[in-house]
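S.K.: structure of the sequence below:
(chains A and B)
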Number of protein chains: 2
Amino acid sequence: MKNTGTALPISGSQAEIAEFSDLRSIIVNDIEQRWNGGGTLIDDACRHAMLPVGKLFRPTLLLVSALAVGGNAESVVAAAVATETGHTASLVHDDIIDADEMRRGRPSVQGKYGINTAIVAGDLLIFSLFDMLASCATAGIPAGRVVDAVSAVARAGVDLCRGQSMEAELTSRRLMQVEPYVEMVRLKTAALFRAACEAGAILGGGERQAIDSLISYANHLGVAFQIQDDLLAYVSDKERMGKGASTDIHKGRPVLPVILAYQQADPPTRRRIERCLSGQIGPDEALREMTAICASTHALELAAQKAEKHAKAALGALDVLEPSPARQHLAGYVAMTLNRDR
Amino acid sequence: MKNTGTALPISGSQAEIAEFSDLRSIIVNDIEQRWNGGGTLIDDACRHAMLPVGKLFRPTLLLVSALAVGGNAESVVAAAVATETGHTASLVHDDIIDADEMRRGRPSVQGKYGINTAIVAGDLLIFSLFDMLASCATAGIPAGRVVDAVSAVARAGVDLCRGQSMEAELTSRRLMQVEPYVEMVRLKTAALFRAACEAGAILGGGERQAIDSLISYANHLGVAFQIQDDLLAYVSDKERMGKGASTDIHKGRPVLPVILAYQQADPPTRRRIERCLSGQIGPDEALREMTAICASTHALELAAQKAEKHAKAALGALDVLEPSPARQHLAGYVAMTLNRDR
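M.R.: Okay, the predicted model is just below:
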């Protein structure tokens, strides 16, 4: 049984092993086939949103979670694609909310097709993902599991929306506290990680304890992922990230490094932070200022420690699962999350 | 067994009969309980969208469809509320697209909370409706039926989005043809009628033939409903309708009376119609002009005939169902659709 760093089992029970790139191809092929036809404006807009594909982290998580509980990956490909579809829908609507004209280096859906089409395209993607989930019942998954997976993904979608709204509330209130930030991230960023891991574990036939451990894994992974995102905005150059910390600062978002800097800061420094977030000074100056404050308060190191704490908790949650190549991969994603540079 | 015009069976199999107002109360109570808590911005926005309730036509259709195939209404109340939730989500997003500040005589969600919150609230409603559907499995409905109902509602939601996009395309192209109009309405307006009737029939345990007949019923009812909407805009006063034909004309929408007038009209009259839809003249003048053209071309009578044709087809589709109070009610909704004045 071959199991290198890039190897991933396609069917755990049959111990079939394929390269990671094969698993990715299965997901990509499925997405390409789904958005191949049509030719109407809304088909074009949805295809533009879905293709070319992104990192495909959520669908990969779903497949590997199914494998980690002894399930079969082929039967749940549609569910994996459903989570990517939900993620894409949220990006399409996010770009309207954030007035972002660009996404992954090319026009966003709203940038290319306008706000109205982007609203409808996002809605279509959300509706269609539930048909994808339902279709797992025709791929041999017992209907009871499919119903539970529908519920898991629907609840995660609701959480995602609550998280987006909470982020807007925290931003407008300039709330500089860690706990509400973590709660917001658990709702927003971790939601679709949770959807992927929970649905994968349910569809794969996992016991309650295994499902719960994968939910816990996803929550901690999601928080670690978001903190790393916040950090990358400060340590990466703009080109690599697409948009950097200046966007967050400009929009007045209290991301974790800013919150931690604020908590370490003396009153004059706190006023400087508030000024950076106020939108009263230019984005470049605000970024320089915040970077200097983060350095003097060691906020980036503190944020990185927080990310590591959640990463360790994610790894710990995997302990109840039987050792397997899939579990090993889930552990690997935690390291990837902290070590990524984009 | 009591069966007056306002009576409606709550459980067909047990021949329990309740007043129509009782059925309505069950739906209203369920919605009120669901949107009772929270207190966050997004909870407020969703509650504002859902309450006070509208006509509740779609959830009623779902319950009565379940009864018409011998099912039980209590077990599918969550699914009924799901269809109303989907309808509400589409209104919330529609009001952004149409820049409508008002809805049912009070501020729309985007009018009260802004576009960003309205986008997220609509998304939350869509996600939550699928959790409601899934919950029918815990109310005694076999999981296989629930999965099929999820698929039916998801596909109808996709159709709804396609219909909205198609309407925008027909409007921008000023396409004055009946067939594309009917196709658009079948996608847009009939979608959630179809979702309600199909899901109701599936969850109620209907055979394939009964499910198909209720799908056909819903399609024809939906088209008749939309044509009646188009007509009401011309024959009702503005106050009664909320917004009248002048809105459609002002937005350049080729609704059925306009399409039929155009088809009957000579070239000079066609140019007058084009001018009305062009936005070059004021809404009041455009409405007066189009009303006159509709009168001279008998377009309203022709549109009413078309609505009646679909109404008859809807009634015909019910023939394969066993006679029952529920079937009688479904037939009654067809008459109500044509006779309503708002």
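S.K.: need the contact list for the closest residue to chain B within the stretch 151-300 of chain A.
M.R.: Scanning the stretch 151-300 of chain A for proximity to chain B using CB to the nearest CB identifies residue A:157 as nearest, at 3.1 Å. All C-beta spots, glycine's among them, are computed from the backbone N, C-alpha and C. Contacts of residue A:157 were listed using CB atoms under 8 Å, 6 or more residues apart in numbering or on different chains, and they are A:86, A:126, A:191, A:195, B:123, B:124, B:126, B:127, B:128, B:130.
S.K.: now the phi/psi pair for the residue of chain A most remote from its centre, please.
M.R.: Most distant from the centre of chain A: residue A:268, at 35.9 Å, with distances by CA atoms, centre = their mean. The phi/psi pair for residue A:268 (degrees, to the nearest 10) reads phi -60, psi -40.
S.K.: and for residue A:107?
M.R.: Torsion angles, degrees, to the nearest 10, at residue A:107: phi -60, psi 140.
S.K.: dig out what it forms beta bridges with.
M.R.: residue A:102 (DSSP bridges).
S.K.: could you give the number of residues near it?
M.R.: Neighbourhood size, residue A:107 [other CB atoms under 10 Å in any protein chain shown]: 15.
S.K.: same thing with residue A:307?
M.R.: 23.
S.K.: helix or strand: which one has it?
M.R.: helix A:299-317 (DSSP states H and E).
S.K.: list the buried residues of that helix.
M.R.: Buried residues in helix A:299-317, counting neighbours by 16 or more other CB atoms under 10 Å in any protein chain shown, are found at A:299-300, A:302-304, A:306-307, A:310-311, A:313-315, A:317.
S.K.: from the chain's centre, how far out does that helix sit?
M.R.: Computed by CA atoms, centre = their mean, to the nearest Å, the separation of helix A:299-317 from the middle of its chain amounts to 17 Å.
S.K.: could you give the average pLDDT over whichever helix or strand comes after it?
M.R.: Sequence-wise, the next helix or strand downstream of helix A:299-317 (DSSP H and E) is helix A:325-339. For helix A:325-339, mean pLDDT rounds to 93.
S.K.: same deal with stretch A:46-60?
M.R.: Summarised as a single mean, pLDDT over stretch A:46-60 is 96.
S.K.: where does pLDDT dip in chain A?
M.R.: A:1-21, A:236-246, A:342 (pLDDT under 70).
S.K.: find the nearest non-adjacent residue to the most centrally placed residue in it, please.
M.R.: In chain A, the centroid-proximal residue (CA atoms, centre = their mean) is residue A:189; its distance is 5.1 Å. Take residue A:189 and drop its neighbours on the chain: the residue closest to it by CB to CB, 6 or more residues apart in numbering or on different chains is residue A:226, 4.1 Å away.
S.K.: for the helix or strand containing the one you found, which helices and strands make contact with it?
M.R.: Here residue A:226 is covered by helix A:208-235, with elements defined by DSSP H and E. Applying 3 or more CB pairs under 8 Å, 6 or more residues apart in numbering or on different chains; DSSP states H and E, we find helix A:208-235 packed against helix A:57-68, helix A:178-203, helix A:245-250, helix A:256-264, helix A:283-297, helix A:299-317, helix A:325-339.
S.K.: next, the angle from that helix to helix A:256-264.
M.R.: Put simply, helix A:208-235 runs at 80 degrees to helix A:256-264, going by axes from the mean of the first three to the mean of the last three CA atoms, to 10 degrees.
S.K.: buried residues in helix A:208-235?
M.R.: A:210-211, A:213-235.
S.K.: now do stretch A:323-338
M.R.: A:324, A:325, A:326, A:327, A:328, A:329, A:330, A:333, A:334, A:337, A:338.
S.K.: the strand or helix carrying residue A:32 near chain B anywhere?
M.R.: Using DSSP H and E, the element containing residue A:32 is helix A:20-34. No - Helix A:20-34 stays clear of chain B (CB under 8 Å from any CB of the partner chain), getting no nearer than 11.5 Å.
S.K.: quick check: residues of the stretch 1-150 of chain A near chain B?
M.R.: When proximity is defined as CB under 8 Å from any CB, the stretch 1-150 of chain A approaches chain B at A:40-42, A:45, A:89-90, A:93, A:96-97, A:115-117, A:119-124, A:126-131, A:133-135, A:137, A:142-144, A:146-148, A:150.
S.K.: give the ChimeraX command for selecting the buried subset of those.
M.R.: Of the residues of the stretch 1-150 of chain A next to chain B, the buried ones go into a single ChimeraX selection, burial set by 16+ other CB under 10 Å:
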select /A:41,42,45,89,90,93,96,97,115,116,117,119,120,121,122,123,124,126,127,128,129,130,131,133,134,135,137,143,144,146,147,148,150
